[in-house]
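*Asks:* Give me the fold of what follows.
(2 chains)
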Amino acid sequence: MKAAESWSVAPAEEPRFAAGDRVAVRRFDVPGHLRAPWYIRGHAGIVERFCGSFRNPEELAYNRSGLPAQPLYRVRFRQREVWPDYAGPEADTVDIEIYQHWLDPA
Amino acid sequence: MATHEHDHGHDHGHDHAHPTLPDEAGSRGYYQRMEIAVRELLLAQGVFTADDVRRTVEDMDARSPAGGARVVARAWSDPAFKARLLENGTTACEELGVGMGPTKLVVVENTPEVHNLVVCTLCSCYPRMLLGLPPDWYKSRDYRSRAVREPRAVLAEFGTAVPDDVTVRVHDSTADMRYLVLPERPAGSEGLSELQLADLITRDSMIGVAKARQPG
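*Replies:* Residues are numbered from 1 along each chain as shown, chains lettered A, B, ... in the order given. As a prediction, the model looks like this:
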């Protein structure tokens, strides 16, 4: 069975993105338990895979249900776009798991 | 754990607090005190027993990189297993009797073109079911910030030079996935059994800061 199907929690939000889609991470800056690293906010990358849908940890942290589950993606970013002075080759990347509510089409 | 005593001489060189002296002032931070308070409340309410806590700690301490090494050795020996492992790490490990619990395992493969490196910048997410407890450096602020910012410099400090024609792919373990690097099978290991192969597969090679050992 495909990993994303076997791992998903229901009920879940409908996934809006698929592998290959270009997405940008929102620039939220709100108080609370946030799971999108600061360094990646505002940057654009390519969806590497849909990981399945999971209870939203930003809600679970406050003892709420985290439902409907949020689609989770692995998004691949080019290091040179994330760090303008990145010293390594152009092809180097960083993959980060990001929940759908942090993503916009780009 | 207020007053336990045992006999030992001085100059013993280990670093736990001396039981006949009070703990250092401030040695219990806010979160340690909160952990103790919450644990004692849960015990008092009968949510779990002290033996449950002890057994869980014992189970956690019993896990080691040998579990991960067994999985990698099988993947090196059995291409069909390797394909299943890359497709769904959790169910593939369960085939070998390595229960992943709630962990969702993503296995990333090192090849002559790609070198993978795992970090958790937000905390210290780590595939504990396969590798046991993370090393202290994995949890350090230094590793967590620099592994994404300058991975090649970090790799070089671990003695792992990655040429510029090999892509470095960092995996920041920020949510529900846990990552295991499938290291490259070293040259000269062709005739080895799975058990012999497992000896070549170190913890660090499965985090991605090193390559697998050379045989011999």
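*Asks:* B:Gly99 and B:Met129 touch, don't they?
*Replies:* Yes: assessed by Cβ atoms under 8 Å, B:Gly99 is found in contact with B:Met129 at 6.9 Å. For the C-beta atoms, the positions are set from N, CA and C on the backbone; glycine is no exception.
*Asks:* Quick check: which ranges of chain B have low pLDDT?
*Replies:* Within chain B, the stretches with pLDDT under 70 are B:1-26.
*Asks:* Quick check: neighbours shared by B:Gly99 and B:Met129?
*Replies:* B:Cys93 (Cβ atoms under 8 Å, 6 or more residues apart in numbering or on different chains).
*Asks:* So between those two, which is more surrounded?
*Replies:* B:Met129 (21 against 11; other Cβ atoms under 10 Å in any protein chain shown).
*Asks:* now the helices for the chain?
*Replies:* Defaulting to chain A. A:3-7, A:57-60, A:79-82 (DSSP state H).
*Asks:* My question was about chain B, not that one.
*Replies:* For chain B, the helices defined by DSSP H cover B:30-44, B:50-62, B:65-77, B:79-87, B:89-95, B:128-131, B:136-139, B:141-149, B:151-157, B:194-198, B:203-207.
*Asks:* Buried residues, the third one. List them.
*Replies:* Okay, so that is helix B:65-77. B:65, B:67-76 (16 or more other Cβ atoms under 10 Å in any protein chain shown).
*Asks:* neighbouring contacts of that helix?
*Replies:* B:81-82, B:85, B:92-93, B:96, B:98, B:107, B:127, B:129-132, B:180, B:182-183, B:185, B:189, B:194-195, B:197-199, B:201-203, B:206, B:212.
*Asks:* pull the longest strand from chain A.
*Replies:* strand A:44-54 (DSSP state E).
*Asks:* Pairing partners for it, with directions?
*Replies:* Partners of strand A:44-54 in the sheet, by DSSP bridges, are strand A:22-25 (antiparallel), strand A:70-78 (antiparallel).
*Asks:* Now render these as TSV, adding mean pLDDT.
*Replies:* Listed next are those as TSV, based on pLDDT from 0 to 100:
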stretch	mean pLDDT
strand A:22-25	98
strand A:70-78	97
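*Asks:* mind putting those in JSON lines, distance to B:Asp164 and mean neighbour count included?
*Replies:* As requested, the strands paired with strand A:44-54 are arranged in JSON lines below (distance: least, Cβ to Cβ, whole Å; neighbours: other Cβ atoms under 10 Å in any protein chain shown):
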{"stretch": "strand A:22-25", "distance to B:Asp164": "26", "mean neighbour count": "18"}
{"stretch": "strand A:70-78", "distance to B:Asp164": "15", "mean neighbour count": "24"}
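*Asks:* residue contacts, the closest residue to B:Asn88 other than its chain neighbours?
*Replies:* Nearest residue to B:Asn88, sequence neighbours excluded (Cβ to Cβ, 6 or more residues apart in numbering or on different chains): A:Ala3, at 4.0 Å. By Cβ under 8 Å, 6+ apart, A:Ala3 lies in contact with A:51-52, B:87-91, B:104, B:106.
*Asks:* How about A:Cys51?
*Replies:* Contacts here follow Cβ under 8 Å, 6+ apart; on that basis A:Cys51 touches A:3-4, A:7, A:72-74, A:97, B:104, B:106, B:175-177.
*Asks:* Quick check: residues of chain A near chain B?
*Replies:* For chain A, the contact set with chain B under Cβ under 8 Å from any Cβ of the partner chain comprises A:1-3, A:6-7, A:35-37, A:39, A:51-52, A:54, A:57, A:72, A:74, A:79, A:82-83, A:86-89, A:91-99.
*Asks:* Report the buried members of the residues you listed.
*Replies:* By neighbour count, with 16+ other Cβ under 10 Å, these hold A:3, A:7, A:35-37, A:39, A:51-52, A:54, A:57, A:72, A:74, A:79, A:82-83, A:86, A:88-89, A:91-99 as buried.
*Asks:* so where's chain A shaky on pLDDT?
*Replies:* In chain A, residues with pLDDT under 70: A:1.
*Asks:* let's see 80
*Replies:* Applying pLDDT under 80 to chain A picks out residues A:1-2.
*Asks:* Chain B against chain A: which residues are in contact?
*Replies:* Neighbours of chain A within chain B, by Cβ under 8 Å from any Cβ: B:87-91, B:104, B:106, B:121-122, B:148-153, B:164-165, B:167-177.
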